[in-house]
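# I would like the atomic coordinates for the input below:
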Amino acid sequence: MADFDGRTVLVTGGGSGIGLATARRLLEAGAQVVISGRSSARLQGAVEALGAPDRVLAVPADVAKGRDLDRLMTVVEHRFGRLHGVFCNAGVARFNPSAAVTDEEYDDLMGTNVRGVFYTVQKALPLLVDGGAVVVNGSWLVHRGLATTPLYAAGKAAVVNLARSLAADLGARGVRINAVSPGYIVTDMFLGIAVTEEARESARSQVPLGRLGRPDDVADAVVFLLSDRSAYITGQELLVDGGLITSVPR
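Sure thing, here's the model as predicted:
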């Protein structure tokens, strides 16, 4: 539990779901945590839920906006001086078949899920210590086609591949870049899509482990990839999906 003593980690999209669960795990491991997100109210609720205000800094920021990211990094530098890890978790979900995708939907999704990830990493680099770690959040949909998710899946595929290229780019500094790709995880985003019990049961039935995932399941994987316990792992994608992609349930 002392892996992160004296270390500072930035979690974008840290106000709820996987981001909030990861922030909690990092605090338990001794870290100082910066959480960012679009909603100030949600961030404030997250700070209260985490219960460690002396080690949590909440900064409202939209990762799709360069000026917000610049301000975020300035605040982080002023408070903590440097970063030891970054979890690029902020993302939006817009599920439509290709014929229904609008320009606004494209710009919002790609701006947050792809541009936002790239520039979060780029703008964090001056603060990120040599030997630091970055994790980006992908999706099981990188590996399977779904009629209503061409844009979302393409964006997630982009950032998973970005992790591989950044691993090569930043390896000389000892900076490790990896991706996690969650399966069906019970978050507000998931519940907003699987709105009926039948839909949730359909998802669960596809998972060999026989249950839907929890935010903590992904958080534990992220914390591992941010820690020294994964010191020789970079450019990899870790599926956290209960076997959804690789196995067929009985």
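# Nearest the middle, which residue of the protein would you pick?
Asn89 (2.1 Å; CA atoms, centre = their mean).
# Contact partners for that residue?
11-14, 18-19, 22, 137 (CB atoms under 8 Å, 6 or more residues apart in numbering). Any C-beta I mention is one placed from the backbone N, CA and C, and that applies to glycine too.
# pLDDT value on it, please?
pLDDT for Asn89: 98.
# Phi first, then psi, for it.
With angles defined as degrees, to the nearest 10, Asn89 sits at phi -110, psi -20.
# what's the answer for Ser39, then?
The phi/psi pair for Ser39 (degrees, to the nearest 10) is phi -100, psi 120.
# Now for it, how many residues are close by?
13 (other CB atoms under 10 Å).
# separation between it and Gly111?
17 Å (CB to CB, to the nearest Å).
# Pull out the buried positions in the strand ranked longest in the chain.
Assignment by DSSP state E gives strand 128-137 as the longest strand of the chain. Neighbour-count burial for strand 128-137 flags 128-129, 132-137 (criterion: 16 or more other CB atoms under 10 Å).
# Tell me how far Asn113 lies from Ala64.
Counting by CB to CB, the gap from Asn113 to Ala64 is 9 Å.
# In terms of neighbours, single out the busier of the two.
Neighbour comparison, Asn113 and Ala64: the larger count goes to Asn113, with 28 against 21 (by other CB under 10 Å).
# my guess is the more buried one contacts Ala157, does it?
No - taking CB atoms under 8 Å as the definition, Asn113 is not a contact partner of Ala157, at 10.4 Å.
# Look at Tyr152 and tell me its secondary structure.
Secondary structure assignment for Tyr152 (DSSP: H, G, I helix; E, B strand; the rest coil): helix.
# Could you tell me which residues make contact with it?
Tyr152 neighbours (CB under 8 Å, 6+ apart): 93-95, 109, 113, 139, 141.
# Could you identify which of the residues you listed has the most neighbours?
In the contacts of Tyr152, the most neighbours by other CB under 10 Å go to Asn113, 28 neighbours.
# Let me see the contact set for that residue.
Counting by CB under 8 Å, 6+ apart, Asn113 has contacts 91-92, 152, 155-156, 158-159.
# ok, now Gly6?
Here Gly6 is in contact with Gly30 (criterion: CB under 8 Å, 6+ apart).
# ok, which stretches of this protein are helices?
17-28, 40-50, 66-80, 103-110, 116-124, 150-170, 188-193, 197-205, 215-226 (DSSP state H).
# Tell me which residues of the helix-or-strand element of the chain with minimal mean pLDDT come out buried.
Least confident helix or strand, the chain: helix 188-193 with a mean of 88, by mean pLDDT, DSSP states H and E. Judged by neighbour count (16+ other CB under 10 Å), helix 188-193 contains these buried residues: 189-190.
# The residue nearest to the centre of the chain and Leu109: what is the separation?
Where Leu109 is concerned, Asn89 sits at a distance of 15 Å (CB to CB).
# and if you look at Ala153?
Applying CB to CB to Ala153 and Leu109 gives a distance of 11 Å.
# Over to Val63?
From Val63 to Leu109 the distance is 12 Å (CB to CB).
# Also Gln122?
20 Å.
# same deal with Leu191?
From Leu191 to Leu109 the distance is 19 Å (CB to CB).
# Of the helices of the chain, which shows the lowest average pLDDT?
Taking the mean pLDDT of those, helix 188-193 comes last: a mean of 88.
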